[in-house]
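A structural model of the following input is requested.
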Amino acid sequence: MFHQIWAALLYLYGVILNSIYQCPEHSQLTTLGVDGKEFPEVHLGQWYFIAGAAPTKEELATFDPVDNIVFNMAAGSTPMQLNLRATIRTKDGLCVPRKWIYHLTEGSTDLRTEGRPDMKTELFSSSCPGGIMLNETGQGYQRFLLYNRSPHPPEKCVEEFKSLTSCLDSKAFLPTPRNQEACELPSN
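Prediction:
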């Protein structure tokens, strides 16, 4: 009898705890409208890197020296191509330009990075206005990245991203400080 009461109390405690700290199902992440034929114009333009989350700190180590990053996404020379330019402002004040080419995967929402066949990028909507979330996976890493049209989105957006990625088994969280002025994006 004691064991049945104890089991009922533990079950009730679990139900209450689950209702307070509900995590959305991974399937509730909404993949953005990349149709495998053309990258939607709504995703083009300037974006600021806000925060990253991953199962381990090592998967975010590449962002440790970063103060801020500004990106520009532009349509490539073909409908299946996306050009990405960025300037990284390091914590010691240096500006580091970078360029990538993404290729849309026919019949999929995945983006593939030219020259990195092991890397896959998926785009997801964000509940934050002007926000977008990426899930990057590659050889030995997986990380979620939060971007926004504003360099300083509402703190609520960052907290929601942290909460969501925590539910998706990301134990490490790294917001960019964004204390320094962003570097100018290089022209093509």
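
all helices of this protein, in order?
Counting by DSSP state H, the chain has these helices, from start to end: 2-20, 155-167.

out of those, which gets the lowest mean score?
By mean pLDDT, the lowest-scoring of the helices of the chain turns out to be helix 2-20, with a mean of 46.

shaky segments in this structure?
Counting by pLDDT under 70, the chain shows low-confidence ranges at 1-40, 109, 187-188.

hey, where'd the strands end up in it?
45-54, 66-75, 81-90, 95-104, 111-113, 116-125, 131-138, 141-148, 172-175 (DSSP state E).

got those as JSON lines, with distance to residue 182 columns?
(C-beta placed from N, C-alpha, C; glycine too.) Formatted as JSON lines, those follow (distance: least, C-beta to C-beta, whole Å):
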{"stretch": "strand 45-54", "distance to residue 182": "7"}
{"stretch": "strand 66-75", "distance to residue 182": "5"}
{"stretch": "strand 81-90", "distance to residue 182": "6"}
{"stretch": "strand 95-104", "distance to residue 182": "9"}
{"stretch": "strand 111-113", "distance to residue 182": "23"}
{"stretch": "strand 116-125", "distance to residue 182": "22"}
{"stretch": "strand 131-138", "distance to residue 182": "17"}
{"stretch": "strand 141-148", "distance to residue 182": "13"}
{"stretch": "strand 172-175", "distance to residue 182": "15"}
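
same list (the ones you listed) but as a markdown table, adding distance to residue 185 and mean neighbour count.
Listed next are the strands of the chain as a markdown table, based on distance: least, C-beta to C-beta, whole Å; neighbours: other C-beta atoms under 10 Å:
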| stretch | distance to residue 185 | mean neighbour count |
| --- | --- | --- |
| strand 45-54 | 8 | 21 |
| strand 66-75 | 5 | 18 |
| strand 81-90 | 5 | 19 |
| strand 95-104 | 8 | 15 |
| strand 111-113 | 19 | 18 |
| strand 116-125 | 20 | 15 |
| strand 131-138 | 18 | 19 |
| strand 141-148 | 14 | 22 |
| strand 172-175 | 22 | 17 |
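
tell me which of the ones you listed approaches residue 181 most closely.
Proximity of the strands of the chain to residue 181 was assessed by C-beta to C-beta; the nearest stretch is strand 81-90, lying at 7.5 Å.

can you list the strands that the closest one pairs with?
Within its sheet, and counting by DSSP bridges, strand 81-90 is paired with strand 66-75 (antiparallel), strand 95-104 (antiparallel).

for residue 176, which of these is the nearest?
Smallest distance to residue 176 across the strands paired with strand 81-90 (C-beta to C-beta): 5.4 Å, for strand 66-75.

now what about the closest one, what contacts it?
Contacts made with strand 66-75 from outside it, assessed by C-beta atoms under 8 Å, 6 or more residues apart in numbering, are listed as 39, 41, 43-49, 81-91, 147, 151, 176-180, 182-183, 185.
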